[in-house]
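Engineer: Build me a model:
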Amino acid sequence: MIPVHDFFIALVALHIVAGLPGLISFWAPIFAKKGGAGHRFWGRIFTASMLLTGCIAIMMSTTTLIAPLPTHPHLHDHPIFSQAAQIRGIFGWMMLYLALLTINLAWYGWRAVRHRADHARNRGPVNLALQGLLGVAAVNCAIQGALIGQPMMIGISFVGVAAVGTNLWFILRPEPAFYEWRLEHIKAIVGAGISVYTAFLAFGAVRLAPQLALAPGLWAAPMIVGLSLIFYHRRVVRLRYGKSEGAVVEAVKSLWRRSHGTYAKE
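Structural biologist: Presented below is the predicted three-dimensional model:
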């Protein structure tokens, strides 16, 4: 039987190998021509990497929850992480939450593109189930954070709650605007990037420099960069396609007024 620590180290190695292509390929679709061959190619690599990395992270977090101290023996003299409860909270429950957040956003962003011409298919069972799982994981992360006195766990849980709320708002809409799938795709894919960069920086710091693991800047930096990218690209899309939608609406109204002879009344 493989010792718990050896099994966990193997998972860490797989996690790094699976995640590195995603960390690198994340930037290519951001700067490539939207909808072009390069954008689609690197986008597929990023999505596949995030889904695989998230699944491995679930295995890592589960192993940590079962055996917190054997999986993290290098933290035996850490002032905080030498406690089993703290390891379970940060590297168990919070990693599980971040893994589900990454999987949720990667899958949701991919399906938004795939089903752009058939919005009803966004209400598939996998997409809806992922919203429920992430919602439960986010609430649990906040509860576990409160139990061990880690406000950072409580704060980061709101990201998942916001993701579930906005995802469902789009999924359950009967007829969203023709360009809204682009907005959701941007939000989700960049959000997955924020999640995985946060996890790599924070959890990686625990091994290289444990004293930095809870540094606020380490957690805030990916979110600030990611949110800036989301707001910028969503603004570009709204400016470009929102005007087109307005022109179409006005054209339809004009045709209706002409057919009903309402110009004279106006």
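
Engineer: which secondary structure elements does the host helix or strand of residue 104 contact?
Structural biologist: With elements taken from DSSP states H and E, the one containing residue 104 is helix 95-114. If you count contacts as 3 or more CB pairs under 8 Å, 6 or more residues apart in numbering; DSSP states H and E, helix 95-114 packs onto helix 37-66, helix 125-148, helix 151-171, helix 180-208. (Glycine included, C-beta is placed from N, CA and C.)

Engineer: Export only the CA atoms of stretch 46-61, formatted as PDB.
Structural biologist: Below are the C-alpha coordinates for stretch 46-61, written out as PDB (Å, rounded to 0.1, in the frame of the first residue of the first chain):
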ATOM      1  CA  PHE A  46      -6.800  26.200 -21.200                       C
ATOM      2  CA  THR A  47     -10.200  24.600 -20.700                       C
ATOM      3  CA  ALA A  48      -8.900  21.100 -20.700                       C
ATOM      4  CA  SER A  49      -6.100  22.000 -18.400                       C
ATOM      5  CA  MET A  50      -8.400  23.600 -15.900                       C
ATOM      6  CA  LEU A  51     -10.900  20.700 -15.900                       C
ATOM      7  CA  LEU A  52      -8.100  18.200 -15.300                       C
ATOM      8  CA  THR A  53      -6.300  20.400 -12.700                       C
ATOM      9  CA  GLY A  54      -9.500  20.900 -10.800                       C
ATOM     10  CA  CYS A  55     -10.200  17.200 -10.700                       C
ATOM     11  CA  ILE A  56      -6.700  16.500  -9.300                       C
ATOM     12  CA  ALA A  57      -7.200  19.300  -6.800                       C
ATOM     13  CA  ILE A  58     -10.400  17.600  -5.500                       C
ATOM     14  CA  MET A  59      -8.300  14.400  -4.900                       C
ATOM     15  CA  MET A  60      -5.600  16.400  -3.100                       C
ATOM     16  CA  SER A  61      -8.100  18.200  -0.900                       C
END
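
Engineer: Which pLDDT does the model give the most centrally placed residue in the chain?
Structural biologist: Geometric centre of the chain, nearest residue: residue 192, 3.1 Å, by CA atoms, centre = their mean. pLDDT, residue 192: 89.

Engineer: Contacts only, for it.
Structural biologist: Going by CB atoms under 8 Å, 6 or more residues apart in numbering, residue 192 touches 46, 50, 101, 102, 105, 106, 109.

Engineer: count of neighbours near the closest residue to it other than its chain neighbours?
Structural biologist: Sequence neighbours aside, residue 105 is the residue nearest to residue 192 in space, at 4.0 Å (criterion: CB to CB, 6 or more residues apart in numbering). By other CB atoms under 10 Å, the residues close to residue 105 number 29.

Engineer: So residue 105 sits against residue 185, correct?
Structural biologist: No. In this structure, residue 105 is not within contact of residue 185 by CB atoms under 8 Å, at 10.3 Å.

Engineer: Tell me which helix or strand in the chain has the weakest average pLDDT.
Structural biologist: When each helix and strand of the chain is scored by mean pLDDT, DSSP states H and E, helix 216-260 comes last, with a mean of 66.

Engineer: sorry, back to before: from residue 138, how far off is the residue nearest to the centre of the chain?
Structural biologist: Using CB to CB, to the nearest Å, residue 192 is found at 15 Å from residue 138.

Engineer: list the buried ones in stretch 112-124?
Structural biologist: 112, 113, 115, 116, 119, 122 (16 or more other CB atoms under 10 Å).
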